[in-house]
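[1] Here's a sequence, model it:
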Amino acid sequence: MAYDLSDTTIHNFPHAFLNKRSEAIMIGSIEERWHEQLVEMYLAYRPRNSFSGLPPITDSACITWVEGMIDSGVNLVALSFGSGVVGHAAIFPVSEHACELLCVVSPGQQKMGIGTELTRCVIQLAHELNFDEILLNVEARNHVARHVYEKCGFQYRSEGLVDELDMRLDLQRYRSSLDAPVREIMNRRVVAVPPDLSCRAALRIFLEDGIASLPVIDSEGRLIGILSETDLLSEDNVHRRVGEVLTRNVISVQEGYPIAKLIPLFRSRRLRCIPVLNPKMKLIGVVGRRDVLEHYLKKL
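    All right, here's what the predicted structure looks like:
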């Protein structure tokens, strides 16, 4: 069964982050141009046959296996700007409500945080594709992978003196909280400024109100940009108008946007707050990381 990823968060907003060597990594849904690089990553994997008999030892079997995953799974890849594909995660439907997870990072890039980010992204993807649970199998001796899965919320279905362990993530547990729309948690008491305001006046608002960014709106209340504290770190900018220094390419969400899709934006874009718009594209509030955490606390 083919899945339409066009409306998923990871497809529309590829996840970018720095690994533990401060190298830029991007995670996104796989495209045809990256198929060959994915095959090359597995062909270069050493030692072969090192996790549950995978990757297959012979090149021909390995290529066939990777091509089968591309055809039958929902695939994400981690891309290094210097090395190409360095990680791969895929989910394979086993029923209408359950899927299995495979997550592999190139040996030279392991313990760099890539596996954790891939796992988080694929969990988000499975949630948006309406799966209720994710299953996986991990070798008992693979303590690094087990730590990653535990940190991401997986629990053991089997333990003891066995070589391989079954783990499970219950997506239904989080659905009632994560499917809530942004309008339920956003802050409606938003401070916004017009583009003709002086940056000196905006600076006073930053210092007196203790906020980190200001939405900028036109005379009809439509969002046209964001002014952040960073924009005023240059002293020259303090003597200009807000409209001259604001950031116009702004990520915003509509009030019905689910919290589940909001979280990857905070993680990937390092955003502190996101403007919320109504169907007429007028600013009606902002939502920040703290609003999400307070929502969790109320649920608990």
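
[2] so the residue nearest to the spatial centre of the chain, which of the three states?
    Against the mean C-alpha coordinate of the chain, by CA atoms, centre = their mean, the closest residue is P264 at 3.5 Å. Under DSSP: H, G, I helix; E, B strand; the rest coil, P264 falls in the helix class.

[3] Touching, it and I123? I think so.
    No - checked against CB atoms under 8 Å, the pair P264 and I123 is beyond contact range at 10.1 Å. The way it works is simple: take the backbone N, C-alpha and C, and place the C-beta from them, glycine included.

[4] that older thread, excluding its backbone neighbours, what's nearest the residue nearest to the centre of the chain?
    Spatial nearest neighbour of P264, chain neighbours left out: T9 (4.8 Å); criterion: CB to CB, 6 or more residues apart in numbering.

[5] which residue ranges form the strands in the stretch 51-200 of the chain?
    74-80, 84-93, 98-105, 133-139, 155-156, 164-170 (DSSP state E, counting those that start in this stretch).

[6] Any chance of JSON lines for these, columns mean pLDDT, distance to A145 and mean neighbour count?
    Formatted as JSON lines, the strands of the stretch 51-200 of the chain follow (pLDDT from 0 to 100; distance: least, CB to CB, whole Å; neighbours: other CB atoms under 10 Å):
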{"stretch": "strand 74-80", "mean pLDDT": "96", "distance to A145": "15", "mean neighbour count": "24"}
{"stretch": "strand 84-93", "mean pLDDT": "97", "distance to A145": "12", "mean neighbour count": "22"}
{"stretch": "strand 98-105", "mean pLDDT": "96", "distance to A145": "8", "mean neighbour count": "21"}
{"stretch": "strand 133-139", "mean pLDDT": "94", "distance to A145": "5", "mean neighbour count": "18"}
{"stretch": "strand 155-156", "mean pLDDT": "94", "distance to A145": "13", "mean neighbour count": "12"}
{"stretch": "strand 164-170", "mean pLDDT": "93", "distance to A145": "10", "mean neighbour count": "17"}
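
[7] and of those, who's closest to V216?
    Closest to V216 of those is strand 74-80 (CB to CB; 33.4 Å).

[8] Please enumerate residues in contact with the closest one?
    Strand 74-80 has contacts (CB atoms under 8 Å, 6 or more residues apart in numbering) with 3, 5, 10, 23-30, 34, 37-38, 69, 85-92, 99, 105, 109, 114, 117-118, 121-122, 125, 129.

[9] still on that earlier bit, the residue nearest to P264: neighbouring residues, count only.
    T9 has 22 neighbouring residues, counting by other CB atoms under 10 Å.

[10] likewise P55?
    Other residues within reach of P55, judged by other CB under 10 Å, total 23.

[11] Can you tell me how far it is from A192?
    According to CB to CB, to the nearest Å, P55 and A192 sit 53 Å apart.

[12] cool, Y42 as well?
    Distance from Y42 to A192, counting by CB to CB: 50 Å.

[13] Same drill for these two, tell me which one is more crowded.
    Taking neighbours as other CB under 10 Å, Y42 and A192 compare with Y42 leading, 21 against 15.

[14] Having no further points to raise, I will conclude here.
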